[in-house]
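J.: sharing a model that was predicted from the sequence below.
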Amino acid sequence: MPGVRVTALRWVPPPFQGQVRDLAVRWALEEAGVAYEEILVGPAEQSSDEHRGRQPFGKVPVYEEDGLTLFESGAIVLHIAERRGLLPRETQARGRALSWMFAALNSLDPDVIALGDIDHFHAREDWAIARRPTVEAAVRARLAVVDRQLAGRDYLADEFCAADILMLMVLRQLRHTPIVDSYLPLRDWRDRCQARPAFQRALAAQLAPFARFAPAA
Amino acid sequence: MSNIRITAFKWAPPFAQGLVRDLRVRWALEEAGLHYEENLLTFGDQNLPEHRAVQPFGQVPVYEEDGLKLFESGAIVMHIGERCPALLPEDPVKRARARTWMFAALNSVEQHVQNLTSIDLFFPNEDWARQRRPGAEKMCVGRLDALVARLTGRDYLEDEFTAGDLLMVTVLRLLRHTRLVPDRPVLAEYVARCEARPAFQRALDAQLAPFARHEPSAAAA
């Protein structure tokens, strides 16, 4: 994978530092031992035609490699994982890993994002106050399923794989709450994942520009 | 691939008919020309322990094939697509692009579409839903307009129909109770183009057929 480039954000407000989705891509690349160059963008570039040509929704990350441009952190992590041993090869194990990858992004992420959206952007609005308990209950129902899957296992699909990367990326959006800590296998799995040196390097790499580009107070 | 069996519902309420997520899997199997059997659950039985053992979130579909058990419609369509070049091209660059659109459908578009749809279908009379709806619609429209920009001058998200279009169309169908798609001719034509595929028609008919057979009688309701 020569010439890998990852597009990320120059700066985000503190609650989102450490959970922008290029984190999952950086982490997969670090696990795979692939060096990459970063391209940092801000709000003006994000809404430009040039960026929208690479990322139609104006978001990050974008992944580029020798004539291939990909967006969507799930697709990028899958692409890296298949080539670098972060997805089991055996059909049944691969199928389970794929199921958990999509579970993270399609069965958990919507409820988790809805809760974060309420807490970060609408906390004092009447609708959000009325709605929040139901959304938290929905998040907890989904987390309980993942927690059961992790009981007695170190990782979602036995060995560490791309599903763990995506699931942790989703659950880090609950960092402003104590919710994950109330599920013990889940909490231990989170701590196990976050202790991986590749995760630590990826996190440090996402955070480094935020310090350099922090707006003057 | 032999002995494929998918789990779906015997019957679903009218608002969900034609939208239940097994439609994605049936459509992919039809595009791939693969025969399958159905395991039909009574609506409500998706929470029984024996179903949760194969679908931990208590949803449908489940896909079974010679000992392989998959859940999550996205994962199942990916699995089928990997053996079907009409869904995922063999060229590695084209395949990676098609897969990017699969994730875009399920992770960037569906959450906003589903958020609006659940407000409209499940909470139409609640105060919080009335206050929230304009913001939810705005988020949804932002994603739809990005798709319009992409599809202007194109028949499909990439050069030819792929599993990315298949998933995107099933997501856009969730808005059928609104004017959001018809008011955007580029999107409406795109959805119509994909839904005109014979494989889609067969898949839709196959999802709806049991619903007609298992319609609850008025006396029982």
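T.: That came through fine.
J.: in chain A, which segments are predicted with low confidence?
T.: Applying pLDDT under 70 to chain A flags residues A:1-2.
J.: centre-most residue in it?
T.: What sits nearest the mean C-alpha location of chain A, by C-alpha atoms, centre = their mean, is A:M169, with 2.7 Å.
J.: pretty sure that one sits against A:A104.
T.: Yes: with contacts counted by C-beta atoms under 8 Å, A:M169 reaches A:A104, the gap being 7.5 Å. All C-beta spots, glycine's among them, are computed from the backbone N, C-alpha and C.
J.: can you map out the strands along chain A?
T.: A:5-9, A:37-41, A:62-65, A:68-71 (DSSP state E).
J.: longest helix in chain A, please.
T.: Longest helix of chain A, by residue count under DSSP state H: helix A:126-150.
J.: is any part of stretch A:59-69 close to chain B?
T.: Yes: interface with chain B: stretch A:59-69 contributes A:59, A:67-68 (C-beta under 8 Å from any C-beta of the partner chain).
J.: which pLDDT value does the model give B:S2?
T.: On pLDDT, B:S2 comes in at 68.
J.: same question for B:A221.
T.: Note for B:A221: predicted pLDDT of 46.
J.: B:F43 now?
T.: 88.
J.: can you give me phi and psi for it?
T.: Dihedral pair for B:F43: phi -60, psi 120, per degrees, to the nearest 10.
J.: residues making contact with the lowest-mean-pLDDT helix or strand in chain B?
T.: Within chain B, confidence by mean pLDDT, DSSP states H and E is lowest for helix B:49-52 among all helices and strands, at a mean of 94. Contact with helix B:49-52 is made by B:7, B:41, B:45, B:58, B:62, as judged by C-beta atoms under 8 Å, 6 or more residues apart in numbering or on different chains.
J.: the fourth one against B:N47, yeah?
T.: It stands for B:G58. Yes: in terms of C-beta under 8 Å, B:G58 counts as a neighbour of B:N47; the distance is 4.6 Å.
J.: for the residue positioned nearest the centre of chain B, give me its contacts.
T.: Closest to where the C-alpha atoms of chain B average out (C-alpha atoms, centre = their mean) is B:T170, at 3.7 Å. By C-beta under 8 Å, 6+ apart, B:T170 lies in contact with B:19, B:21, B:23-24, B:27, B:105.
J.: now the residues you listed as CSV including pLDDT?
T.: Output for those, formatted as CSV (pLDDT from 0 to 100):
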residue, pLDDT
B:L19, 97
B:R21, 97
B:L23, 98
B:R24, 98
B:W27, 98
B:A105, 98
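J.: between those residues, which sits nearest A:I113?
T.: B:A105 (15.9 Å; C-beta to C-beta).
J.: so that closest one sits in a helix?
T.: Yes: checked against DSSP: H, G, I helix; E, B strand; the rest coil, B:A105 lies within a helix.
J.: burial of it, as a residue count?
T.: Neighbourhood size, B:A105 [other C-beta atoms under 10 Å in any protein chain shown]: 28.
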